[in-house]
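Engineer: Here is the input, now give the coordinates:
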Amino acid sequence: MAEPAAQSPVKLLALQLLLWHSALWTVQEATPLGPASSLPQSFLLKCLEQVRKIQTDGAVLQERLCATYSLCHPEELVLLGHSLGIPKAPLSSCPSQALQLTGCLSQLHSGLFLYQGLLQALAGISPELAPTLDTLQLDVADFATTIWQQMEDLGLAPAMRPTQGTTPTFISAFQRRAGGVLVTSHLQSFLELAYRVLRYLAQP
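Structural biologist: Down below sits the predicted model:
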C-alpha cells in the first residue's frame, strides 16, 4: 500500500509539468491572435475573397503572356528584373509567429499600393492584354482601399495617404511584357502569404 502513496507526488509533479507545458503552448499559439481580435470577421472574409479574385486575374495574365509571347518562366527573367528595378513588397510583420497588427496592415496596404503602381507602368503592354491588365489593376486598387478603410476604422491609418514612388521605365515592348511576367509573379507570391495570414486570422 506504500507504493501508490510514494508514486502520487511523482504523478502530481508530472501532471503539473504537463499542465504548465500545455498552458505555455496555448499562450504561445494564441499570442499572434491577440491583436486580431479587433479585426471584424466580415473584413477578413472580404479580404480573402479579394485575394482570390486578384490571384485569378494574375493567373490569366500570366497564362496569356506565356501563350502569346512564350514568356512562361519568371525565374529566367530575374536578372532583367534587377536591371529594370522591379521591387518586391515585404510582409515581414505578418507571419503568425510574430504578427504585428499595425505593421501587417500597413505592409499589406503599402505592398498593394506598390503593385498598383507597377501595374500602371505596364500600360501599353499589348491591345490584347490591356483589358486583363486593367481588371487586375482595379482589383488590386479595391483591395488596397479595403485595407486602408479598416486601418482608418481602427485609428491606425497615417495622417496622409502614401504617394507612389519611382516605378520602372519600360523602353521596349519586350521589357514591358517581361515586366508583366515578373510583376504578376511577385504579386502572386505576396498574395499567397497574405492569404495564409488572413485565413489564419479568420479562424474562429
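
Engineer: How about residue 175: what's its closest non-neighbour residue?
Structural biologist: Leaving aside its chain neighbours, residue 175 sits nearest to residue 84 (6.4 Å; criterion: C-beta to C-beta, 6 or more residues apart in numbering). Just so you know, the C-beta spots here come from the backbone N, C-alpha and C atoms, and that holds for glycine as well.

Engineer: So which residues of the chain form helices?
Structural biologist: For the chain, the helices defined by DSSP state H occupy 2-30, 41-69, 78-84, 101-121, 130-153, 173-202.

Engineer: out of these, deepest packed?
Structural biologist: Of all these, helix 101-121 has the most neighbours on average by mean count of other C-beta atoms under 10 Å, namely a mean of 22.

Engineer: quick revisit: Throw the helices of the chain into JSON lines and include distance to residue 160 and mean pLDDT, thanks.
Structural biologist: As requested, the helices of the chain are exported to JSON lines (distance: least, C-beta to C-beta, whole Å; pLDDT from 0 to 100):
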{"stretch": "helix 2-30", "distance to residue 160": "35", "mean pLDDT": "40"}
{"stretch": "helix 41-69", "distance to residue 160": "23", "mean pLDDT": "96"}
{"stretch": "helix 78-84", "distance to residue 160": "29", "mean pLDDT": "89"}
{"stretch": "helix 101-121", "distance to residue 160": "13", "mean pLDDT": "93"}
{"stretch": "helix 130-153", "distance to residue 160": "12", "mean pLDDT": "96"}
{"stretch": "helix 173-202", "distance to residue 160": "24", "mean pLDDT": "94"}
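
Engineer: surely residue 45 meets residue 202?
Structural biologist: Yes - between residue 45 and residue 202 there is a contact under C-beta atoms under 8 Å: 6.3 Å.

Engineer: Now do the same contact list for the residue nearest to residue 58 when sequence neighbours are not counted.
Structural biologist: Among residues not flanking residue 58 along the chain, residue 184 sits closest, at 4.6 Å (C-beta to C-beta, 6+ apart). Listed by C-beta atoms under 8 Å, 6 or more residues apart in numbering, the contact partners of residue 184 are 58, 61, 62, 65, 136.

Engineer: how near is the fourth one to residue 158?
Structural biologist: Think residue 65. Per C-beta to C-beta, to the nearest Å, residue 65 is found 35 Å from residue 158.

Engineer: And for residue 77?
Structural biologist: Note on residue 77: its distance to residue 158, by C-beta to C-beta, is 34 Å.

Engineer: With that, I have no additional questions.
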